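K.L.:
Predicted model and sequence below, questions to follow.
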Amino acid sequence: MLNEFKSFIARGNVMDLAVGVIIGGAFGLIVTSLVNDIVMPLVGVVFGGFDFSNYFLPLSDKVTAVSLAEARKQGAVFAYGNFLTVVINFVILAFIIFLMVKGVNTMRKQLEHDEKQGKPTPPPPADVLLLTEIRDLLKARQE
């Protein structure tokens, strides 16, 4: 069973998936920072200078706080500003992934097109040609 597990882990697709998950997590952090630190402050300025992530509706009479973190400690809140921030985060991430997939697909189509067209291979460099001539001369002398 241990050998089977080793062979499972050694497969390329398992390692590719692991790398993808790690890079995806790091990329998600970058997009979260972009949304929280750049996009949402600009949206807040457009909507009157408020911190958009602190928009909430108290669902209890006990909630009197101004910030979302304090309000959550006091009771139930409907945190629509935080939700909207997460939705914007998702839309930006989905758009970036769309652009990446579109770029890869375009590159694949170009490669397939080049293969179908049968583009000639470039001629070998001069040093390879010279070595080939030397090899052919040596073969001719041996015969």
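P.N.:
That came through, no problem.

K.L.:
and stretch 53-70, how far apart are its ends?
P.N.:
Stretch 53-70 stretches 13 Å from its first residue to its last (CA to CA, to the nearest Å).

K.L.:
outside of it, which residues touch it?
P.N.:
36, 40, 71, 73-82, 84-85 (CB atoms under 8 Å, 6 or more residues apart in numbering). (Glycine included, C-beta is placed from N, CA and C.)

K.L.:
what's the pLDDT at residue 34?
P.N.:
Among the per-residue scores, residue 34 shows a pLDDT of 83.

K.L.:
so how far is the helix or strand containing residue 23 off the chain centroid?
P.N.:
Here residue 23 sits within helix 12-34, counting by DSSP states H and E. Its chain's average C-alpha position is 7 Å from that of helix 12-34, according to CA atoms, centre = their mean, to the nearest Å.

K.L.:
Now it - C-alpha only, CSV.
P.N.:
Taking C-alpha atoms only, helix 12-34 is exported to CSV below (Å, rounded to 0.1, in the frame of the first residue of the first chain):
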residue,chain,number,x,y,z
GLY,A,12,2.6,14.6,-12.4
ASN,A,13,-1.0,15.6,-12.2
VAL,A,14,-1.1,15.3,-8.4
MET,A,15,1.9,17.6,-8.1
ASP,A,16,0.5,20.0,-10.7
LEU,A,17,-2.7,20.2,-8.7
ALA,A,18,-0.8,20.9,-5.5
VAL,A,19,1.2,23.7,-7.2
GLY,A,20,-2.0,25.1,-8.7
VAL,A,21,-3.7,25.2,-5.3
ILE,A,22,-0.8,26.9,-3.6
ILE,A,23,-0.4,29.5,-6.4
GLY,A,24,-4.2,30.0,-6.5
GLY,A,25,-4.2,30.7,-2.8
ALA,A,26,-1.4,33.2,-3.1
PHE,A,27,-3.1,34.8,-6.1
GLY,A,28,-6.3,35.1,-4.1
LEU,A,29,-4.5,37.0,-1.4
ILE,A,30,-3.2,39.4,-4.1
VAL,A,31,-6.7,40.0,-5.4
THR,A,32,-8.1,40.4,-1.9
SER,A,33,-5.5,43.1,-1.2
LEU,A,34,-6.3,44.8,-4.6
